[in-house]
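Chemist: when you get a sec, could you give me coordinates for this:
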Amino acid sequence: AQMVSNSHEYNEKGLPISPALLFIQHASVQCDPTISIGKERISDIKAFEEAAWRKALVLPPSPPHTVMSTAFGHIFSGGYAAGYYGYKWAEVLDADAFAAFQEVGIFDRGVASRFRQEILERGDTADAMDLYVAFRGHEPDIDPLLRRTGIIA
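Modeler: Got it, this is the predicted structure:
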């Protein structure tokens with residue numbers, strides 16, 4: 001929760017951000033009743049939500065009679081969470097692969113050739129992880145994504 005809370009500043013650094021995604025991630029942590037209030041009973045979900053989300057406000061308050069926390073059931077049922085995981089995994093691959101270019105210069109022909117030969121040209125001829133390791137020299141590392149999003153330095 002603290003990493004998400006701290007990451008609200010990374011857009012100020014000019015890094016890519018999805019405001020809606022950041023809002024949902026941060027507000028969900030703030031609004032999760034098991035984190036925020038333990039076993040207390042919530043008598044007015046709208047008031048609770050507004051109070052919790054003020055801590056995470058990156059978008060204007062929600063319209064009256066709109067209760068966002070009860071509208072996110074699709075995230076936890078029906079496979080959306082698995083799809084979201086897939087998007088995050090793609091971001092890990094993207095950031096780690098781009099880090100290979102950043103480490104030696106983004107216009108380095110050697111890295112570009114290795115990427116073309118080991119990933120693009122081989123396509124679906126071998127297991128994707130084997131192709132990635134052949135290009136990068138190791139399995140994907142999450143740290144480049146965490147750095148890009150400002151969660152770690």
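
Chemist: show residues contacting the longest helix along the chain.
Modeler: Taking DSSP state H as the criterion, the chain has its longest helix at helix 80-104. Residues outside helix 80-104 that contact it (Cβ atoms under 8 Å, 6 or more residues apart in numbering) are 74-75, 106-108, 110-112, 114-115, 119, 132, 135-136, 140-142, 144-145, 147-148. Quick note: C-beta positions are derived from backbone N, CA and C, even for glycine.

Chemist: cool, stretch 120-134 as well?
Modeler: Here stretch 120-134 makes contact (Cβ under 8 Å, 6+ apart) with 93, 97, 118-119, 139-140.

Chemist: quick one: terminal-to-terminal distance for stretch 141-153?
Modeler: Start-to-end span of stretch 141-153 (Cα to Cα, to the nearest Å) is 15 Å.

Chemist: please point out which parts of that stretch sit buried.
Modeler: Across stretch 141-153, burial judged by 16 or more other Cβ atoms under 10 Å covers 144-146, 148-150.

Chemist: what do you get for stretch 95-110?
Modeler: Buried positions in stretch 95-110, judged by neighbour count with 16+ other Cβ under 10 Å: 95-97, 99-100.

Chemist: export these as a markdown table, with columns for distance to residue 62 and pLDDT.
Modeler: Output for these, formatted as a markdown table (distance: Cβ to Cβ, whole Å; pLDDT from 0 to 100):
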| residue | distance to residue 62 | pLDDT |
| --- | --- | --- |
| 95 | 32 | 96 |
| 96 | 36 | 97 |
| 97 | 37 | 97 |
| 99 | 38 | 97 |
| 100 | 42 | 97 |
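
Chemist: and which of these is nearest residue 50?
Modeler: Set against residue 50, the nearest of these by Cβ to Cβ is residue 95 (34.6 Å).

Chemist: hmm, back to that, mind checking which of the contacts of helix 80-104 are in helices?
Modeler: Under the assignment DSSP H, the contacts of helix 80-104 contribute 74-75, 110-112, 114-115, 132, 135-136, 144-145, 147-148 to helices.

Chemist: a markdown table for these, including distance to residue 88 and pLDDT?
Modeler: A markdown table is the format used below for the ones in helices among the contacts of helix 80-104 (distance: Cβ to Cβ, whole Å; pLDDT from 0 to 100):
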| residue | distance to residue 88 | pLDDT |
| --- | --- | --- |
| 74 | 17 | 64 |
| 75 | 13 | 66 |
| 110 | 29 | 97 |
| 111 | 24 | 97 |
| 112 | 26 | 97 |
| 114 | 25 | 97 |
| 115 | 22 | 97 |
| 132 | 16 | 97 |
| 135 | 20 | 97 |
| 136 | 18 | 97 |
| 144 | 13 | 96 |
| 145 | 8 | 94 |
| 147 | 15 | 93 |
| 148 | 13 | 92 |
